[in-house]
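# one predicted model, sequence on top.
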Amino acid sequence: MDQNQVFDEMWGREENLRAPYGLFKSWFDGEEPKRLRAKQREAEELFRLTGITFNVYGQAAAEERLIPFDIVPRIISGLEWQRLSKGIEQRVRAINAFLYDIYHGQEIIKAGRLPERMITDNDAFLPHMIGVQPPGGVYTHIVGIDLVRTDDNQFYVLEDNARTPSGVSYMLENRETMLQMFPELFARNRVQRVENYPSDLRSSLAACAPSVAGSSPTVAVLTPGIYNSAYFEHAFLADQMGVELVEGHDLRVIDGRVAMRTTQGYKPIDVLYRRVDDEFLDPLNFNPDSALGVPGIMDVYRAGGITIANAPGTGIADDKAIYSYMPDIVEFYTGEKALLENVPTWRCSEPDSLAYVLDNLSDLVVKEVHGSGGYGMLIGPTATKKDIAEFRKKLEAKPGNYIAQPTLALSTVPVFTRAGLSPRHVDLRPFVLVSPNKINITPGGLTRVALQKGSLVVNSSQGGGTKDTWVLED
Amino acid sequence: MRLKIRHTTRYQFEAPVHRGLQQLRVTPLAGGNQSVTGWSVEIDQGTKQLEFQDHFGNHVDLIALDTDTQEVTITCGGEVELVENHGVLGRHWGPTPLWLYKRQTDRTKAGVNVRRLARQVEGDSDLDRMHMLKELTADAVAYKTGASEPDWTAEDAVIEGHGVCQDHAHVFIACARVLGLPARYVSGYLMMDDRTDQDAMHAWAEVCLPDLGWVGFDASNRMSPDTRYVRVATGLDYSDAAPVIGTRVGGTGEALSVEIEVAQQQ
């Protein structure tokens, strides 16, 4: 991509230092590059010691590696953040209203705003959720909305993560590391805090407890176990919240509740923050071979005896084919135009769109409807002729499996290299907590950065790194 | 018609059950043409945990089997008052979307044989076609107890050419869905004119027709349900509506015995 087309968050388009980076830049200019390099190595060592590693699927099972961390923060002004927050909140409200509707009256289909086949043919629709009233009316207790930026005032939503968004532990560790390495930076800049996330998460979850819960609800984190790529995060969050980290075999149905084994016997759980996928959650109701879940938990849920966060069946809202309808979904449920824009999306299931996509493969990004983690996608501009020819065959065989989007000129933020500051493309995943009376958006989030110069793939499974994300107090 | 029903299900295990849960769908559905009075579900060597309404509107009791039990008995019964409706239940209601009933399931997947059967269906109206499908199903799959497997699919039953009421219902549903109609499985009781003691529940199918709404078809008896039929649970196929669905650790060597009494109350 032509670098002149790219908006840099530090320098804009015209090499004029943007205001949020002012204090950072003057600090940076006064630092010895040698000291910063040493700090960068020190930061990496800190991550290794904390044990933040990440299993990469498709590589040797035991292989764990660090997600590279870059010491240059990504800085967002308070005003920019306010605008983003409004859009995020609107979107998250719409997603919850959509989920309620899909599992109840399906008014959006009756109104002709969403084709019925988007739900009927969708594996993420979970029949067991039909007619269920989730405690407090909340489906997505934790949401990660992936945003990209292309200009000063132009953000797009790339993806809604409504199942089990991960990465919040990096947001917290990145800040912790920066505070430790460069305390002076935080003395100069007034950066909004993210450190309250674990306690906010806990109180937000507790506020969603079922009516059977007492005045201080018992919360626990359910992990598939140590072989899961995000196990570190599960353990980290449980520890930070001060709640139990449990696996399926620690839990069972007792007296109509889901109870966990403790040294004092079994204790009922009110809210379970589960990081186990729907399919594996309950061998009595779903995949009978699952050893990761709790038999009967779905029945306890349907009887009102536990809150499952996020609710089962929320995947229907973050499906990439549904994504293309999000502007309509937001408008249908909120009565307002969507504040945050979608990336223009061609649904390859539609013949006209498919024809356009096939004619323009070398300019487009084509994604699998149900894929995640940057796997199975085609990035036209950087793909070889052979890649494109092979992808064309897959696309023609199953067009309904794909959507296509233009290649966006993602904004860049400098990273610290041997040669000094050098721009790299970034995205942003803010984390949103939803409870019956409140939507809480942590100021900042996870900035992922493509470490290869010019690369647009920021996924950590594809060699991306992370940065601390600052939202300034204005 | 008023029917008095008593239904006992007994599981015996050679090795004790370490831990087990069972979902029971043994409470007749209230509403439509049936009203239920004094229905009770009692468990020996198990404890009721909770109850809820599932995504098909069925009443479900979840029970935990006692630790180390080798015999669990579930006894249910009560009275059901039925009003003649000739199998016509009417317009679709409830939160379950009608399109869900068009979904093929593992047991109702249409293979070559099911499709061939569905192609033979003729008639001037949907109702006529469904009556013909009921006859075709009964002709293609001879009623024969003890010679089929409980996990047969609709396709299996057509290939084998025989089966029980469950197979008839699956074949009928599979064909109805091939013909584009929403269809569901019904598990229930049937009062027999010549006896009160029975050794199994009955099963039939319901199809949702554009004009009449849901209509029942019992291929095994070549008729639509009347006041002798009690609807207990419905679903896309047997696995959604089965009276007992369980999971357990231990308890190998399962033996099941069922006693059912369905008698007319004067």
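Cool, the structure landed.

# ok, whichever strand or helix holds B:D61: who's next to it in the sheet?
Per DSSP states H and E: B:D61 is located in strand B:59-65. Sheet pairing of strand B:59-65 (DSSP bridges) gives strand B:17-24 (antiparallel), strand B:46-53 (antiparallel).

# only the buried residues of the first one, if you could.
Going by neighbour count (16 or more other C-beta atoms under 10 Å in any protein chain shown), the buried part of strand B:17-24 is B:V17, B:R19, B:G20, B:L21, B:Q22, B:Q23, B:L24. Every C-beta, even on glycine, is put in place using the N, C-alpha and C of the backbone.

# one more: stretch A:154-174?
A:155-174.

# contacts for the strand holding B:D61 next, please.
Here strand B:59-65 makes contact (C-beta atoms under 8 Å, 6 or more residues apart in numbering or on different chains) with A:253-254, A:256, A:296, A:299-300, A:303, B:17, B:19-27, B:29, B:41, B:43, B:45-54, B:72, B:74, B:233, B:248, B:251.

# need the buried ones from those selected in ChimeraX.
With 16+ other C-beta under 10 Å as the criterion, this ChimeraX line picks the buried residues out of those:
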select /A:253,254,256,296,299,300,303 /B:17,19,20,21,22,23,24,25,26,27,29,41,43,45,46,49,50,51,52,54,72,74,233,248,251
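
# give me the contact list for stretch A:166-179.
With C-beta under 8 Å, 6+ apart, stretch A:166-179 has contacts from A:43, A:46-47, A:50, A:52, A:67, A:69, A:71, A:73, A:144, A:185-186, A:194-195, A:197-198, A:230, A:232-233, A:236-237, A:240, A:275, A:429, A:431, A:442, A:444-446, A:448, A:460, A:466-469.

# also stretch A:196-214?
By C-beta under 8 Å, 6+ apart, the list of residues contacting stretch A:196-214 from outside reads A:135-136, A:138, A:141-142, A:168, A:171-172, A:216-217, A:219, A:237, A:240-243, A:257, A:270-271, A:273, A:304-307, A:309, A:431, A:433-438, A:440, A:442.

# from those, list the buried ones, please.
A:135-136, A:138, A:141-142, A:168, A:171-172, A:217, A:219, A:237, A:240-241, A:243, A:257, A:270-271, A:273, A:304-307, A:309, A:431, A:433-435, A:440, A:442.

# quick one: name the residues of chain B near chain A.
Residues of chain B lying close to chain A (C-beta under 8 Å from any C-beta of the partner chain) are B:19, B:21, B:23, B:49-55, B:57, B:60, B:62, B:64, B:94-97, B:99-100, B:102-103, B:245-247.

# can you show me the helices along chain B?
For chain B, the helices defined by DSSP state H occupy B:112-119, B:126-140, B:154-160, B:165-178, B:238-241.

# which residue ranges make up the domains of chain A?
Per the record, chain A has its domains at A:1-118+A:140-193+A:425-474, A:344-407, by automatic domain parsing.

# which residue is nearest the centroid of the chain?
Unless you meant another one, I'm taking chain A. Geometric centre of chain A, nearest residue: A:G144, 3.5 Å, by C-alpha atoms, centre = their mean.

# right idea, wrong chain: chain B
Residue closest to the mean C-alpha point of chain B, counted by C-alpha atoms, centre = their mean, is B:S187 at 1.7 Å.

# how close does it get to B:G46?
For B:S187, the distance to B:G46 (C-beta to C-beta, to the nearest Å) stands at 21 Å.

# which one's the longest helix in chain A?
Assigned via DSSP H, chain A shows its longest helix as helix A:78-102.

# any regions of chain A where pLDDT drops low?
Along chain A, segments meeting pLDDT under 70 span A:1-4, A:51-66, A:371-375, A:460-463.

# around chain B, pick out the residues from it.
By C-beta under 8 Å from any C-beta, the part of chain A that sits against chain B consists of A:103-106, A:116, A:119-120, A:127-132, A:252-256, A:283-284, A:288, A:295-296, A:299-300, A:302-305.

# those residues in strands, which ones?
Judged by DSSP state E, strands contain the following of those: A:R252, A:V253, A:I254.

# who's in contact with B:I245?
Applying C-beta under 8 Å, 6+ apart to B:I245 gives the contacts A:L284, B:Q22, B:Q23, B:R25, B:S239.

# for the second one, give the beta-bridge partners.
The reference is to B:Q22. Per DSSP bridges, the residues bridged to B:Q22 are B:I63, B:G246.

# contacting residues for it?
Counting by C-beta under 8 Å, 6+ apart, B:Q22 touches B:G46, B:L62, B:I63, B:L65, B:V72, B:I74, B:V244, B:I245, B:G246.

# what's the closest of those residues to chain A?
Nearest to chain A out of the contacts of B:Q22 is B:L62 (C-beta to the nearest C-beta; 4.6 Å).

# how many neighbours does the closest one have?
24 (other C-beta atoms under 10 Å in any protein chain shown).

# now it: how far from B:R195?
From B:L62 to B:R195 the distance is 33 Å (C-beta to C-beta).

# could you report the neighbour count for A:T407?
Per other C-beta under 10 Å, the neighbour tally for A:T407 reads 15.

# tell me who's in contact with it.
Counting by C-beta under 8 Å, 6+ apart, A:T407 has contacts A:M1, A:D363, A:L364, A:V365, A:I379, A:G380, A:P381, A:L456.

# recalculate using a threshold of 7 Å.
By C-beta atoms under 7 Å, 6 or more residues apart in numbering or on different chains, the contact list for A:T407 reads A:D363, A:L364, A:V365, A:I379, A:G380, A:P381.

# how close does the residue lying closest to A:D387 once chain neighbours are set aside get to chain B?
In space, A:D387 comes closest to A:L378 once its chain neighbours are excluded; the distance is 6.7 Å by C-beta to C-beta, 6 or more residues apart in numbering or on different chains. When distance is defined by C-beta to the nearest C-beta, to the nearest Å, A:L378 is 32 Å away from chain B.

# so what's A:L378 up against?
Counting by C-beta under 7 Å, 6+ apart, A:L378 has contacts A:L361, A:V365, A:V366, A:D387, A:I388, A:F391.

# same check, this time on A:V258
Applying C-beta under 7 Å, 6+ apart, the residues near A:V258 are A:L251, A:P268, A:I269, A:L272, A:V294, A:I297, A:V300, A:I306.

# identify the residue spatially nearest to the second one, adjacent ones excluded.
Beyond its immediate neighbours in the sequence, the residue positioned closest to A:P268 (C-beta to C-beta, 6+ apart) is A:R257, lying 3.9 Å away.

# restricted to helices, list the buried ones among the contacts of stretch A:196-214.
Per DSSP H, helices hold the following members of the buried ones among the contacts of stretch A:196-214: A:V168, A:M171, A:L172, A:L237, A:Q240, A:M241.

# okay, those in a markdown table with distance to A:G112 next?
Formatted as a markdown table, those follow (distance: C-beta to C-beta, whole Å):
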| residue | distance to A:G112 |
| --- | --- |
| A:V168 | 38 |
| A:M171 | 40 |
| A:L172 | 44 |
| A:L237 | 41 |
| A:Q240 | 46 |
| A:M241 | 44 |
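
# out of these, who's nearest chain B?
Nearest member of these to chain B, counting by C-beta to the nearest C-beta, is A:M241, at 27.5 Å.

# helix/strand/coil for the closest residue to the closest one other than its chain neighbours?
In space, and not counting its chain neighbours, A:M241 is closest to A:R202: 4.3 Å by C-beta to C-beta, 6+ apart. Assigned state for A:R202: helix (three-state reduction, DSSP: H, G, I helix; E, B strand; the rest coil).

# for the one 3 residues further on, same thing?
State at A:L205, reduced to three classes by three-state DSSP: helix.

# measure it to B:R10 for me?
Applying C-beta to C-beta, the value for A:L205 to B:R10 is 43 Å.
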